[in-house]
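Novice: Provided below for reference: sequence and predicted model.
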Amino acid sequence: MTHREADRLNKEVKRSEDKSPKVVVTKNGPYIIFGNLPLTKEVITIGKDGEPEKWTKGETYPSQESYALCRCGNSKNKPYCDGTHTKIGFNGTETANQEHYLDQPKVINGPALKLTDVEELCASARFCHRAGGIWNLIPKSDSSKAKKIAREEACDCPSGRLMVQDKKAQKAIEPKFEPSIGLVEDPAMGVSGPIWVRGGISVESAKGKTYRVRNRVTLCRCGKSKNKPFCDSNHYPE
């Protein structure tokens, strides 16, 4: 990393006057993570049916009050930034500014569960494929087995693309997360997935705008997303 780049990143770190957890997107550069947020690898683990079945915790990184994570996908010191984005002329322009798609989800109503599906947020973790797919399970959610699997699949979706609501209780079913950062790894597909931001951590744009705060979001770390800073599955092999 050049001295100029190091100075610029130090200035970004100093932008935060408080110690609250948050992610700051820098202009054509890395994500700066504030608030001493734990950083771990989260591995997509395949079940007996050949589909993703559970998350397995991988490597835990040393605790730091703040750190910079690679956003261009070309750092030689992943997951951390090493300044390569300046050498390759990385264009990290954010294109998700409006987030209008969050207000226009596809809705599937079943007898016991309601599913909302925001396809633009898909991170291709594929937990939704198990047992014929969540879209086929929701209409059968009067069955305790179908209901259980559909709930698991929705809660395992890292991006929050898929969310289910218990219709009787009229309550959204959300996984409980401590504020933390995960690095999605998908060994079955031979790829590293997005940065998994969990526990209602705010994400701030390079222009100072705070994106809608959600329990779980996935941020691009391959540099290819067309919905930056969020993942749009462009890391996934075709």
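Specialist: Cool, got the structure. In this text the structure is predicted, and so the values were computed from the model without any measurement.
Novice: hmm, residue 202 is touching residue 23, no?
Specialist: Yes: using CB atoms under 8 Å, residue 202 makes contact with residue 23 at a distance of 7.2 Å. C-beta coordinates here come from the backbone N, C-alpha and C atoms, glycine included.
Novice: between those two, tell me which one has more neighbours.
Specialist: residue 23 (22 against 17; other CB atoms under 10 Å).
Novice: mind listing what's buried in whatever helix or strand the more buried one lives in?
Specialist: For residue 23, the element it lies in under DSSP states H and E is strand 22-25. By neighbour count on 16 or more other CB atoms under 10 Å, the buried set for strand 22-25 is 22, 23, 24, 25.
Novice: partner strands of that strand, parallel or antiparallel?
Specialist: With DSSP bridges as the test, strand 22-25 is paired with strand 31-34 (antiparallel), strand 202-204 (parallel).
Novice: how about low-confidence regions in the chain?
Specialist: Across the chain, the ranges flagged by pLDDT under 70 are 1-19.
Novice: now do the helices in it.
Specialist: 3-14, 84-88, 134-137, 144-156 (DSSP state H).
Novice: most packed of the strands paired with strand 22-25?
Specialist: Among the strands paired with strand 22-25, ranked by average contacts under mean count of other CB atoms under 10 Å, first place goes to strand 31-34 (a mean of 23).
Novice: what residues go with each domain of this protein?
Specialist: Domains of the chain are assigned by automatic domain parsing as 3-97+178-219, 100-173.
Novice: could these go into JSON lines alongside distance to residue 226?
Specialist: Shown next, in JSON lines, are the domains of the chain (distance: least, CB to CB, whole Å):
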{"stretch": "domain 3-97+178-219", "distance to residue 226": "6"}
{"stretch": "domain 100-173", "distance to residue 226": "10"}
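Novice: tell me which of these approaches residue 232 most closely.
Specialist: domain 100-173 (7.0 Å; CB to CB).
Novice: which one is residue 65 nearest to, not counting chain neighbours?
Specialist: In space, and not counting its chain neighbours, residue 65 is closest to residue 36: 5.0 Å by CB to CB, 6 or more residues apart in numbering.
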